[in-house]
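Undergrad: The amino acid sequence is not available; the structure is as follows:
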C-alpha cells in the first residue's frame, strides 16, 4: 500500500494548540511524503452543529479508512478523548497502525480523574503513544507501567519565523498569548504588573487571546492600570506576526500545561520568556539561564521577575538568544518532523 497517514484532529478553524501543531506539520515535506490527510472531527460551534459535524466526520472516516495504513489521532481533555476512542476502536478492528498524540495540560483532569479508564482504553489500543514531554511520559508510565514501551516523547514544534529587527528596536511591551482563563494565569499577570506599573509608565502589557476579556478589563480597572493594558482578542497571521516582532518580553504564568504553543511562538521570535515550571516546561527551562521561572500563583515573585527582565537589558538579551537557540535546535520544525517521519517509517515496517 502507498504510504498514507490519516490525521484525526479538531478543525483547522478551531483555536488552540492542536490546530497550531498540525498547521506546522503541513509546512514540512512530511505532509507530502506520507500523503497526509487532515480529517476534522470537531468544530467550535453550538452543540447541535458539533454533533452533526462529528457524525459526518465519522461517516467520512469509514470511507477513507481502507486507503490509509497509519491513523494518527490527536486528543486532549475527556470530551476529546471520548470522541477519539471511537476512531481508535474502528481503526483497531481494521488492523490499522494507530498513533495517539496526547495534548492534555493536566493529569488531574485526565489520567488521574474519573475518566482514567477512558484514557487507558485509548493508550492500551495504541501502537504508539506520543506525549509532549519527559514529565508526561513519567506520569503515564507510573500510572500504567505495562504501556511504557509504547510511549514516545515528541515535542511540539516552533513555528517558522524570521527575525527582522534587532532586540534594541523593539517596543516596551510584554505580551501574553493564549486564552484568558484561570488556568493560564492572566489575572496573576495583571496583579503582578500593577505592583510595578507606576514606576514603568512607558511599559504596557498586550493580551492576545479570547476568553474572559471583559473580566480582565474590569480587573485592570480595579488595579488602575487600564491605560497600560491592551486586549487584542484572538489574532492570527500578519497581526500576530507584528505583535511578536514588536514585543520585548513574553509572559505566560500558567497553572497547568502540556507544552504551550505560545511559549514556542515566543522562542521562534527570540523573545525572552517569563513562565511557570508546569507540564513539560521544566524539562527544558532553567531559571535565569533560558527563562525566568516563578511558581504558579506567586504574584510577588512574578512582579519581581517582570521588573528584573525590564531593567536588566543584558539578561533580556541573554535569554532572547537562548530562546532563538531552542527554536533552532530542540524545537525546530525540521527536527520534529524528522522524528515523526521516523515514527511513521517504523510503524509502516512493523
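TA: Right, received. Where do you want to start? Being a predicted model, the structure only gives us computed values, none of them experimental. Numbering: from 1, shown residues only.

Undergrad: wait, what's in contact with residue 273?
TA: Residues in contact with residue 273 (C-beta atoms under 8 Å, 6 or more residues apart in numbering) are 250-252, 263, 266-267, 285, 290-292, 319, 323. No exception for glycine: its C-beta is placed from N, CA and C like everyone else's.

Undergrad: Same check on residue 69?
TA: Going by C-beta under 8 Å, 6+ apart, residue 69 touches 1, 3-5, 96-97, 348.

Undergrad: shouldn't residue 100 be in contact with residue 129?
TA: Yes - the pair residue 100 / residue 129 is scored as a contact, 5.4 Å apart, by C-beta atoms under 8 Å.

Undergrad: So for the two, which residues contact both of them?
TA: Common contacts of residue 100 and residue 129 (C-beta under 8 Å, 6+ apart): residue 123.

Undergrad: what about these two, which has more around it?
TA: Neighbours were counted for residue 100 and for residue 129 using other C-beta atoms under 10 Å; residue 100 has more, 26 against 23.

Undergrad: Give me the nearest residue to that one, chain neighbours excluded.
TA: Spatial nearest neighbour of residue 100, excluding adjacent residues (C-beta to C-beta, 6 or more residues apart in numbering): residue 126 at 4.3 Å.

Undergrad: returning to that earlier point: now the contacts of residue 273 as CSV including pLDDT?
TA: Output for these, formatted as CSV (pLDDT from 0 to 100):
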residue, pLDDT
250, 98
251, 98
252, 98
263, 96
266, 96
267, 96
285, 96
290, 97
291, 98
292, 98
319, 97
323, 96
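
Undergrad: mind listing the strands for the stretch 151-300 of the chain?
TA: Under the criterion DSSP state E, counting those that start in this stretch, strands of the stretch 151-300 of the chain are mapped to 151-153, 173-177, 204-208, 229-233, 249-252, 273-275, 292-293.

Undergrad: What pairs with the third one, parallel or antiparallel?
TA: For strand 204-208, sheet partners with direction are given as strand 173-177 (parallel), strand 229-233 (parallel), following DSSP bridges.

Undergrad: Packed most tightly, which of these would that be?
TA: strand 173-177 (a mean of 23; mean count of other C-beta atoms under 10 Å).

Undergrad: so where's this structure shaky on pLDDT?
TA: The chain contains residues with pLDDT under 70 at 1-2, 161-169.

Undergrad: Pop the domain breakdown of it in here.
TA: 5-156+332-348, 167-328 (automatic domain parsing).

Undergrad: and those domains, which is most packed in?
TA: Using mean count of other C-beta under 10 Å, domain 167-328 ranks as the most buried of these, with a mean of 19.

Undergrad: Now residue 74. Its backbone dihedrals?
TA: Backbone torsions of residue 74, given as degrees, to the nearest 10, read phi -100, psi 130.

Undergrad: so how far is stretch 204-212 from its chain's centroid?
TA: Relative to its chain's centre, stretch 204-212 lies at 17 Å (C-alpha atoms, centre = their mean, to the nearest Å).

Undergrad: no wait, stretch 7-21
TA: With C-alpha atoms, centre = their mean, you get 11 Å for stretch 7-21.

Undergrad: Stretch 181-188 too?
TA: On C-alpha atoms, centre = their mean, the centre of stretch 181-188 falls 16 Å from that of its chain.

Undergrad: before we move on, the earlier item: same list as before, the contacts of residue 273 that is, but in TSV and with distance to residue 243 included.
TA: Shown next, in TSV, are the contacts of residue 273 (distance: C-beta to C-beta, whole Å):
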residue	distance to residue 243
250	10
251	13
252	14
263	15
266	11
267	15
285	22
290	22
291	20
292	20
319	19
323	16
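
Undergrad: what bridges to residue 249?
TA: Beta-bridge partners, per DSSP bridges, of residue 249: residue 174.

Undergrad: Return the residues in contact with it.
TA: By C-beta under 8 Å, 6+ apart, the contact list for residue 249 reads 173-175, 271-272, 274, 306, 309-310, 316.
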